[in-house]
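*Asks:* make a model of this:
(2 chains)
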Amino acid sequence: MGSSSSSRNKIPNAQELMDQTGFSSAHLLRLYDRFECLDRDNRGYLSPDDFEAVGGLAMNPIGGRIIDAFFSSGQDTVDFSSFVRILAHFRPTDRNRNKEGTQQELPNSRTRKLKFAFQLYDLDRDGKISREELLQVLRAMLGLQVTEEQLQSIAERAIQEADLDKDDAISFDEFKKSLEKVDIDTKMSIGFLK
Amino acid sequence: MAALWTLSLLLSASLLGCLAVTSPDGSPLPHNLPPSLGTNSSDGSLSVDLPMALRVFSMDYHHVQAPFEIVLWIMLASLAKLGFHWSGRVPAVVPESCVLIMVGLLVGGVIYGVRHSAPPTLSADAFFLFLLPPIVLDAGYFLPGRLFFENLGTILWYAVLGTLWNVLGIGLSLYGVCLLAQSSLGDVSLLHCLLFGSLIAAVDPVAVLSVFQEMQVNEQLHILVFGESLLNDAVTVVLYKLFESFLRLPSVSGLDVLLGGCRVVVVGIGGLCVGLFFGLLAALTSRFTSRAQVIAPLFVFLYSYLSYLTSEMLHLSGIMAIVTCAATMKQYVEANVSERSNTSIQYFLKMWSSVSETLIFIFLGVSTIQDIHMWSWPFVCSTLLLCLIWRATGVLLLTAFVNKLRRNAVTFRDQFIIAYGGLRGAICFSLVFLIDDFPKKRLFITTTIVVILFTVFVQGMTIKPLVELLYVKRKKRALPTLSEEIHSRLIDHLVAGIEDVVGYWGQHYWKDKFEQFNKKYLRRFLIRNDRQASSSILRVYQELERREQRGVEEEAPPIVDPRSQGRPLLPEEMESIRRILSRNLQNFNNKQTPAYSRHTLHQDTSVDRTRKPLYRHQSLGERYSYNTITHFQGEDGGLSEPQRVRTGLSRSHTVCSISPRSTLLDSSVSAGLAQTRSTDPREDLVSPRHQETVERAARKHLSFVLENEKQQ
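*Replies:* Predicted coordinates:
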């Protein structure tokens, strides 16, 4: 494609983004095309209704929360670099990188991935998943097929399992610990973004 | 358990008894012969000694012989299968196919001993026309579509190139062996070797399925091996027929080889087209079955079988046709026919394929006992070795190439399982019988049987311990903790959502195009009108519900019963919670498709899931809006649909979040109510008498739901 160099110039701070997120320039281009595709009115930023136009998200039980995750606190627009930074969480982890401190800074490290998932629960950003927050997510995922009592029992049990310091809420460390056997790196990776 | 074994032995004894009773040249005497007093007539019919013109008791076996024997065989097969499942530890060690072959061997041996002649063999016609289609149809209907198409490139790569590699490799090396052992094998020509190679190289879907079924491997591996075994039929059929026709030609030129290559393509794509045609036809027909729902399942079977027969008639690949037909018609048929018809279709498919498979294996065992065997140590042993070697090298080489293009690399352990799991089965067996007669044909037959028995027994039995040894990534057997389960599901939903946002390019470009085409044209044409309309309303409903939920989450005060905090959960409750979770957590992108299983119907087929709870939602909304209509006189029935639905929604939500016991029962009753009403959503809402009967049904349904839970 002869236009690749010119379109790379369209992306602001391309090099910086690539360094911070670990995306290659090809992927950055693809994401930019997708960004432009989502941005139907060509405003240069995305708003919640652009996300809602994406077909699958309407059917997703936590679709609303996912959309909210793109918009950092208070704002209602997403520009391209924030878009890319969020999506960088889903890059597969590079196994052959040296495991130094630099690994932690990349958005697709295991801790950062878990933090992203944690924030889907923790809407009030107090660093803990309270019982009510867990119940809300459970209700969203289980729909109306389960009675309220069963929901309470499930949430109860989940908190009992994970809550080590007995404060009736799940902190981020407890969350991480409860998922230590799960292969988050593969689970939370999208191959397209390799 | 022992009872069932004795039962099956009894049955086989009775079968033998019947066979022994019939004389070799039995000709049925007409009924109206005058009875001869006190003598046993030579046709085997007994008569009571009565000086009358009437027979009080007589037996005429010839009249029912053919169907009687068929039924006895099927009965034997099914009892053996039952016995297998009841026999304690055996299923863990020995795959079902092995046990069935052993039973077949036993029965064959007994028959041979009694009659001193070869027992009935599996005729190639019976196999290809009657026994194979149900199995392949079942496999095609339950094919996990998304997984299959994601891995389609790899599957085709293995199926086409892998089979070619195996055929040529085995054929040529066998020819080398024959050249080396000139004395005994000198008259086996190159073409014969290639012909033999073509039929022995193909991996058999029946055998593979039955063995992989016992193992729990991850779905990707399963679909790779299974898909390969299905698709290599095209290559096998063509190569077999090619070499056979070459054998008849006086000489073979390069042009013939080229034409042969074209034939592969034609056969494969031809089978595909035939299957597509019949699949679409079946979908269209199912659109009109609403008034005669009972025969709807019949169309599925008829059209699939027709597609198979048509492509066999045209010398195209029948397996590909029937698989394509089933995969094509599935989504439209499921949308068009009633729930019960769907269940019937699925159950009949499972039943027939089960019977077929069992019969095939038993006959394989029986047919082994023959007196036309010809043994040759070098040939047989080298065939066995070469099959293994060529398959292993083929898989290794091909995977090395294909891994560069794939997202999830096929690991070394997976490759081992693919290579080792390449079982041969009854297709080879039937094909070898179809060869034109030539001096060494019996050798080929013997070798084929040996290879099949070896792969099924040795490889089939050892593959499971080897898998465990190599820690192939299996589906997690250990129960995950509740937190793990919940969080994993959340992450699944999250990844699905992000994938939607990102929007795949490349391989999913065509998928999206197809989905658009599907939605715009195919679905409108092939699915009944009322079903279409409801799905779009449901979509709006869901959209609203989602928005509502975002609002409700922030407003509605969650009620927590303080007393329930300290109560530890009993293990039974824990179990039922786990079951609820695994059953109810919805996964809209169908990622967690259940692996293919021969013995059970999975309750949670994807369409079912998305439809049932949504119907419940909608009717739930309707019911509550009915309440609002009658209670608040101001409201008229002329509310627009989304609005009506929304009022229903907010009511149902507030009901659920306030959890006193009475409304709990109410909501489950209404769920039951909705369930019984989902079959007829256009019912008149304003009829109190109806509501009473429905509530009674709902209460019954409620107890059924609870019992269902307990049973599961």
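*Asks:* what's near enough to touch B:V237?
*Replies:* Contacts for B:V237 (CB atoms under 8 Å, 6 or more residues apart in numbering or on different chains) come out as B:V267, B:S317. For the C-beta atoms, the positions are set from N, CA and C on the backbone; glycine is no exception.
*Asks:* how near is it to B:Q182?
*Replies:* From B:V237 across to B:Q182, the span is 32 Å (CB to CB, to the nearest Å).
*Asks:* now B:F514
*Replies:* 57 Å.
*Asks:* and what of B:P133?
*Replies:* Looking at B:P133 against B:Q182, where the rule is CB to CB, the gap reads 43 Å.
*Asks:* more neighbours: those two, which one.
*Replies:* Comparing B:P133 with B:Q182 by other CB atoms under 10 Å in any protein chain shown, the one with more neighbours is B:P133, at 24 against 9.
*Asks:* model confidence for the nearest residue to that one once chain neighbours are set aside, exactly?
*Replies:* Distances taken as CB to CB, 6 or more residues apart in numbering or on different chains place B:Y308 nearest to B:P133, at 4.9 Å, with adjacent residues excluded. At B:Y308, the pLDDT value in this model is 93.
*Asks:* do B:L702 as well
*Replies:* Looking at B:L702, its pLDDT stands at 37.
*Asks:* residue 181 - how many residues pack around it?
*Replies:* Using chain A here. Neighbours of A:K181 (other CB under 10 Å): 11.
*Asks:* chain B is the one I meant
*Replies:* 16.
*Asks:* looks like it contacts B:C381 (just checking).
*Replies:* No - the pair B:A181 / B:C381 is not scored as a contact, 11.1 Å apart, by CB atoms under 8 Å.
*Asks:* what sits against the residue nearest to B:P133?
*Replies:* B:P133, B:V136, B:L137, B:G318, B:I319, B:A321, B:I322, B:C325.
*Asks:* 6 Å instead, please
*Replies:* When contacts are counted by CB atoms under 6 Å, 6 or more residues apart in numbering or on different chains, B:Y308 touches B:P133, B:G318, B:A321, B:I322.
*Asks:* ok, which residues in chain A are in contact with chain B?
*Replies:* Neighbours of chain B within chain A, by CB under 6 Å from any CB of the partner chain: A:34, A:54, A:56-64, A:66, A:90, A:117, A:132, A:135-136, A:141-143, A:145-148, A:154, A:157-158, A:161-162, A:178-179, A:182, A:187-188, A:190-192.
*Asks:* quick check: pLDDT value at the residue sitting nearest the centre point of chain A.
*Replies:* Central residue of chain A (CA atoms, centre = their mean): A:F116, 4.8 Å from the mean position. Listed pLDDT for A:F116 reads 87.
*Asks:* spatially nearest residue to it, not counting backbone neighbours?
*Replies:* That would be A:H89: by CB to CB, 6+ apart, it lies 4.8 Å from A:F116.
*Asks:* test my guess that the one you found contacts A:S109.
*Replies:* No - judged on CB atoms under 6 Å, A:H89 makes no contact with A:S109 at a distance of 9.1 Å.
*Asks:* check the gap between B:L276 and A:R65 for me.
*Replies:* Distance from B:L276 to A:R65, by CB to CB: 41 Å.
*Asks:* pLDDT value on B:P24, please?
*Replies:* pLDDT at B:P24 comes out at 35.
*Asks:* can you report how many residues neighbour A:S109?
*Replies:* Around A:S109 there are 19 residues (other CB under 10 Å).
*Asks:* also B:D436?
*Replies:* With other CB under 10 Å as criterion, B:D436 counts 9.
*Asks:* and B:R89, by the same measure?
*Replies:* B:R89 has 7 nearby residues by other CB under 10 Å.
*Asks:* for it, give me phi and psi.
*Replies:* phi -90, psi -10 (degrees, to the nearest 10).
*Asks:* buried sites along stretch B:166-179?
*Replies:* B:N166, B:V167, B:L168, B:G169, B:I170, B:G171, B:L172, B:S173, B:L174, B:Y175, B:V177, B:C178 (16 or more other CB atoms under 10 Å in any protein chain shown).
*Asks:* kindly export it (C-alpha atoms) in CSV.
*Replies:* Taking Å, rounded to 0.1, in the frame of the first residue of the first chain, the C-alpha atoms of stretch B:166-179 are listed here in CSV:
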residue,chain,number,x,y,z
ASN,B,166,0.2,-40.4,3.2
VAL,B,167,-1.2,-42.0,0.1
LEU,B,168,1.9,-41.5,-2.0
GLY,B,169,4.2,-42.3,0.8
ILE,B,170,2.6,-45.5,1.8
GLY,B,171,1.9,-46.6,-1.8
LEU,B,172,5.5,-46.0,-3.0
SER,B,173,7.2,-47.5,0.0
LEU,B,174,4.9,-50.5,-0.1
TYR,B,175,5.9,-51.0,-3.7
GLY,B,176,9.5,-50.8,-2.6
VAL,B,177,8.8,-53.5,0.0
CYS,B,178,7.2,-55.6,-2.7
LEU,B,179,10.2,-55.2,-4.9
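*Asks:* got the contact list for it?
*Replies:* In contact with stretch B:166-179 (CB under 6 Å, 6+ apart) are residues B:185, B:188, B:190, B:193-194, B:197-198, B:201, B:239, B:382, B:386, B:390, B:394.
*Asks:* recalculate using a threshold of 8 Å.
*Replies:* B:185-186, B:188, B:190, B:193-198, B:200-202, B:235, B:239, B:378-379, B:382-383, B:386-387, B:390-391, B:393-394.
*Asks:* what about residue 175, which helix or strand?
*Replies:* Because you didn't say which chain, this covers chain A. Taking DSSP states H and E as the criterion, A:F175 maps to helix A:172-178.
*Asks:* chain B, not that one
*Replies:* Secondary structure assignment for B:Y175, by DSSP H and E: helix B:163-180.
*Asks:* buried set for the following helix or strand past that helix?
*Replies:* Toward the C-terminus, helix B:163-180 is succeeded by helix B:182-185 as the next helix or strand (DSSP H and E). Going by neighbour count (16+ other CB under 10 Å), the buried part of helix B:182-185 is B:L185.
*Asks:* kindly export helix B:182-185 (C-alpha atoms) in PDB.
*Replies:* C-alpha atoms of helix B:182-185 as PDB (Å, rounded to 0.1, in the frame of the first residue of the first chain):
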ATOM      1  CA  GLN B 182      10.000 -60.400  -4.900                       C
ATOM      2  CA  SER B 183       9.400 -64.000  -4.100                       C
ATOM      3  CA  SER B 184       6.200 -63.700  -2.300                       C
ATOM      4  CA  LEU B 185       5.000 -60.300  -3.300                       C
END
